[in-house]
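Peer 1: heads up, no residue letters with this:
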């Protein structure tokens, strides 16, 4: 059954038609907010992604698993799972990890907006985004890179899709970079807004499939004399002045094991606990918010899951460079602004988070502890967790 919902925002009106499943209703998956972005005025705010709304790791893991199970068996290999920075890099890693039960050799490769000390494979554009340019890097391992280049199946993971333009841009860029043997492309999204569109296959010579937890379509109507917006400059792909610490490889280069850096992050947490004269047992029955940062979300989520095993009441969210307007009746009701910790000089944001509402906030970054804006130092319950190699 197709249902309809109208969302009224200050710059216009969003009309949705959608089909729900037994597992997820619209309100289970999405809220709505306004972008500070002249390209697109509205934002679908996921309730299961742990990006703009704090979410339990269990709920996130359930969504990863549900999406991965929609991807069929007997896909031609090699298989590459690619996630879109910054919003979907944790989602892609989660889907990839679930898929490895069926496809142990599947490779994870995420796009990034942070320049790496590695060989660039391709770039592409996400046209409606606040930061449109993405980078995709090669593997330093020639055998693994050969698997990427000879991939027969590409599984693109994103939080939502509408026209399929971003998917086309990704595939075209990868094929131009040498990935010439693709037979199938699978677009796996939490929500797919292509319902009723006739372009069932957006490629002429590759089989194309869509998998999603909810399907629908949207229509946007601009409001007459809507207020103009000016978007802050958050589109850089330069390397910042702060070093990236060792975190293993969780997808910025091709990998089969996205968990290799978790020990470094756990070691960083243990270091902070020793400084506070605490242990992991101290977190039992405490309200804990684990904050990932920008693209660095997958290992912090795994850390959050490990804390839940110590009987902590854990939620997960993340810092972001995405500028969103604040409205009391939207899914984004509060914002904290501060300078980014990469040394790029840009504003970062965290939404729907009040640090004082938690017993502990664990802010996980891939840069040194002193790279974090001094704003966070005013809270006695905030621990900044940086990766530390095992001694």
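Peer 2: Cool, the structure landed. What you are looking at is a predicted structure, and each value in this text was computed from that prediction instead of being measured.

Peer 1: Checking residue 266 next. Helix, strand or coil?
Peer 2: When classified by DSSP: H, G, I helix; E, B strand; the rest coil, residue 266 comes out as helix.

Peer 1: give me the element the closest residue to it other than its chain neighbours is part of.
Peer 2: Of all residues not flanking residue 266 in the chain, residue 303 sits nearest, at 6.6 Å (C-beta to C-beta, 6 or more residues apart in numbering). For glycine as for every other residue, the C-beta is placed from the backbone atoms N, C-alpha and C. With secondary structure defined by DSSP states H and E, residue 303 is part of helix 298-308.

Peer 1: who touches the helix or strand that comes right after that helix?
Peer 2: Per DSSP H and E, the first helix or strand lying C-terminal to helix 298-308 is strand 313-319. Residues from elsewhere that reach strand 313-319, judged by C-beta atoms under 8 Å, 6 or more residues apart in numbering: 50-57, 60, 90, 285-294, 297, 300-301, 304-305, 307-308, 348-353, 363.

Peer 1: Just the ones of the residues you listed in strands?
Peer 2: 287, 288, 289, 290, 291, 292, 293, 348, 349, 350, 351, 363 (DSSP state E).

Peer 1: And the contacts of the helix or strand hosting residue 145?
Peer 2: Taking DSSP H and E as the definition, one finds residue 145 inside helix 142-149. Applying C-beta under 8 Å, 6+ apart, the contact partners of helix 142-149 are 78, 80, 105, 107, 109, 121, 138-139, 178-181, 254-256.

Peer 1: and with 7 Å instead?
Peer 2: Residues outside helix 142-149 that contact it (C-beta atoms under 7 Å, 6 or more residues apart in numbering): 78, 80, 107, 109, 138, 139, 178, 179, 254.

Peer 1: List the contacts of the first one.
Peer 2: Shown here is residue 78, whose contacts under the criterion C-beta under 7 Å, 6+ apart are 105, 107, 147, 150, 151, 152.

Peer 1: Apply 10 Å and report the result again.
Peer 2: 103, 105-107, 144, 146-154, 181 (C-beta atoms under 10 Å, 6 or more residues apart in numbering).

Peer 1: just to revisit the earlier point, turn the contacts of helix 142-149 into TSV, including distance to residue 327, secondary structure and pLDDT.
Peer 2: Listed next are the contacts of helix 142-149 as TSV, based on distance: C-beta to C-beta, whole Å; DSSP: H, G, I helix; E, B strand; the rest coil; pLDDT from 0 to 100:
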residue	distance to residue 327	secondary structure	pLDDT
78	46	coil	98
80	39	strand	98
107	41	strand	98
109	36	strand	97
138	43	coil	96
139	44	coil	96
178	46	coil	92
179	42	coil	94
254	41	coil	97
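
Peer 1: Produce a PyMOL select command limited to the buried residues of those residues.
Peer 2: Applying 16 or more other C-beta atoms under 10 Å to the contacts of helix 142-149, the buried members can be selected in PyMOL as follows:
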select buried, resi 78+80+107+109+138+139+179+254
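
Peer 1: Would you mind reformatting the contacts of helix 142-149 (as TSV) and adding columns for distance to residue 189 while you're at it?
Peer 2: Output for the contacts of helix 142-149, formatted as TSV (distance: C-beta to C-beta, whole Å):
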residue	distance to residue 189
78	22
80	17
107	20
109	17
138	26
139	26
178	26
179	21
254	22
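
Peer 1: Looking at the contacts of helix 142-149, spot the one nearest residue 384.
Peer 2: Comparing those against residue 384 with C-beta to C-beta places residue 109 closest, at 28.8 Å.

Peer 1: low-scoring stretches of the stretch 51-200 of the chain, by residue?
Peer 2: Scanning the stretch 51-200 of the chain for pLDDT under 70 picks out 126-132, 198-200.

Peer 1: Which residue ranges of it form helices?
Peer 2: 57-69, 89-99, 142-149, 165-176 (DSSP state H, counting those that start in this stretch).

Peer 1: right, and those - which one's nearest residue 34?
Peer 2: That would be helix 165-176 among the helices of the stretch 51-200 of the chain, by C-beta to C-beta, at 21.0 Å.

Peer 1: other SSEs contacting the closest one?
Peer 2: The elements that helix 165-176 packs onto, with contact taken as 3 or more C-beta pairs under 10 Å, 6 or more residues apart in numbering; DSSP states H and E, are strand 79-83, strand 120-125, strand 133-137, strand 153-161, strand 184-192, strand 207-222.

Peer 1: how long is stretch 98-106 from one end to the other?
Peer 2: Start and end residues of stretch 98-106 are separated by 10 Å (C-alpha to C-alpha, to the nearest Å).

Peer 1: Contacts for it next, please.
Peer 2: Contacts for stretch 98-106 (C-beta under 10 Å, 6+ apart): 61, 64-69, 71-75, 77-81, 95-97, 108, 147, 151, 153, 155, 157, 188, 256-258.

Peer 1: Report the buried members of those.
Peer 2: Judged by 16+ other C-beta under 10 Å, buried ones among the contacts of stretch 98-106: 61, 64, 66-68, 71, 75, 78-81, 95-97, 108, 147, 151, 153, 155, 157, 188, 258.

Peer 1: circling back to that earlier point, angle of the helix holding residue 145 against strand 120-125?
Peer 2: Angle, helix 142-149 to strand 120-125, by axes from the mean of the first three to the mean of the last three C-alpha atoms, to 10 degrees: 30 degrees.
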